[in-house]
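[1] how would this look folded up:
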Amino acid sequence: MIRVGHRGAPAVSEENTLASFDAALEIGVDMIEFDVLASRRDGGALYVAHDDRALDERRSPTLIAALEHFATEPFAGVRLQLDIKRPGVESDVVAALAETGTRARAFISTGVRGVLPRFRALAPEIPLGWTVPDVPLVNGIPLVRDRYRRGIPERAAARIRAGEIDALVPHWRLVDRRLVETVAAAGGEIYTWTVDDAARIVRLAALGVTGVITNDPRLFAAIEQTDAL
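    Numbers count the residues shown, from 1 in each chain. Sure thing, here's the model as predicted:
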């Protein structure tokens, strides 16, 4: 199972920062997920930030600064999951990956409509993940209707077979055996977010998900000590 640090390791250090990425690396992860946001204030410059409030509250690193950090030797074996927050950045993101020599390790994910097809056209070799649910949040929890939930496995499988995506990136509440088996049968992967409970990680691993995304990568070490993974 691929161990993914959500925005680095925010349980240890402030999310979406170089310090958080360093913390995730030190703890031990296979991939680091981080947000890519185009600023509305300085010509659309790309930052590592989840939303505008994060940009306002602190000095977020630019995407180039983050990728240059990931291009250093300690991160050589770590994959990079770029979660795209706004459309229209596709060309600039691909250029930044190429400039920093990190393109071969990139994995693009998003729930923003229209973004994935543009990445597929620009860089067909970069794996793409469809983030779901693409629905409103209530108190930070995805509002998932049963009808929507039931349709996701077939929709994801169809998109995988059509070559539109390579992976599904669902909230953990959506993951069950049917979803995992349907996506696997279509030749796709599943990276589930954001899982901050050790017992839940064990259950998801038993279902056969490709990777688990967590705010606290220390949970992986605790689980591995029990030989659960």
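[2] from here on, contacts and neighbour counts on C-alpha atoms
    Noted.
[3] The longest strand seen in the chain: partners in the sheet, and parallel or antiparallel?
    Counting by DSSP state E, the longest strand found in the chain is strand 31-38. Here strand 31-38 is paired, per DSSP bridges, with strand 2-6 (parallel), strand 46-47 (antiparallel), strand 79-84 (parallel).
[4] what about the chain, any weak spots by pLDDT?
    For the chain, the stretches flagged by pLDDT under 70 are 134-145, 225-229.
[5] One more pass at 90, please.
    Scanning the chain for pLDDT under 90 picks out 40-43, 55-59, 133-150, 173, 221-229.
[6] how close does the nearest residue to residue 185 once chain neighbours are set aside get to residue 50?
    Among residues not flanking residue 185 along the chain, residue 157 sits closest, at 8.0 Å (CA to CA, 6 or more residues apart in numbering). Residue 157 is 28 Å from residue 50, where distance means CA to CA, to the nearest Å.
[7] Which one's more surrounded, those two?
    Each of residue 157 and residue 50 has its neighbours counted (other CA atoms under 10 Å); residue 157 has more, 24 against 20.
[8] May I see the buried residues of the helix or strand in which that one is found?
    Element membership of residue 157 [criterion: DSSP states H and E] is helix 146-161. Using 16 or more other CA atoms under 10 Å as the test for burial, helix 146-161 gives 152-153, 156-160.
[9] what's the closest of the residues you listed to residue 101?
    Proximity of the buried residues of helix 146-161 to residue 101 (CA to CA) peaks at residue 160, which lies at 27.1 Å.
[10] what's around the residue lying closest to the closest one once chain neighbours are set aside, how many residues?
    The shortest distance from residue 160 to any non-neighbouring residue, by CA to CA, 6+ apart, is to residue 166 (5.6 Å). When neighbours are counted by other CA under 10 Å, residue 166 registers 25.
[11] Look up how far residue 116 lies from residue 166.
    11 Å.
[12] what's the overlap in contacts for these two?
    Counting by CA atoms under 8 Å, 6 or more residues apart in numbering, the contacts common to residue 166 and residue 116 are residue 128.
[13] tell me the SS of residue 20?
    The three-state assignment at residue 20 reads helix, by DSSP: H, G, I helix; E, B strand; the rest coil.
[14] dump the residue contacts of it.
    Contacts of residue 20 by CA under 8 Å, 6+ apart are 7-10, 12-14.
[15] show me the contacts for residue 152.
    By CA under 8 Å, 6+ apart, the residues touching residue 152 are residue 179.
[16] and it, how far is that from residue 85?
    Distance of residue 152 to residue 85, computed by CA to CA: 21 Å.
[17] and the nearest residue in space to residue 69 that is not next to it in sequence, how many neighbours?
    Residue nearest to residue 69 in three dimensions, not counting chain neighbours: residue 18, with 7.5 Å by CA to CA, 6+ apart. Each residue near residue 18 was counted by other CA under 10 Å, and the total is 21.
[18] Next, work out how far apart residue 18 and residue 62 are.
    For residue 18, the distance to residue 62 - CA to CA - is 10 Å.
[19] Quick one: the strands in this protein, in order.
    With DSSP E as the definition, the chain shows strands at residue ranges 2-6, 31-38, 46-47, 79-84, 106-110, 128-132, 137-138, 141-142, 167-170, 189-192, 211-214.
[20] and the longest one with strand 106-110, angle?
    Per axes from the mean of the first three to the mean of the last three CA atoms, to 10 degrees, the angle that strand 31-38 makes with strand 106-110 is 60 degrees.
[21] Can you give the distance from strand 31-38 to the centre of its chain?
    Between the centre of strand 31-38 and the centre of its host chain there is 7 Å, according to CA atoms, centre = their mean, to the nearest Å.
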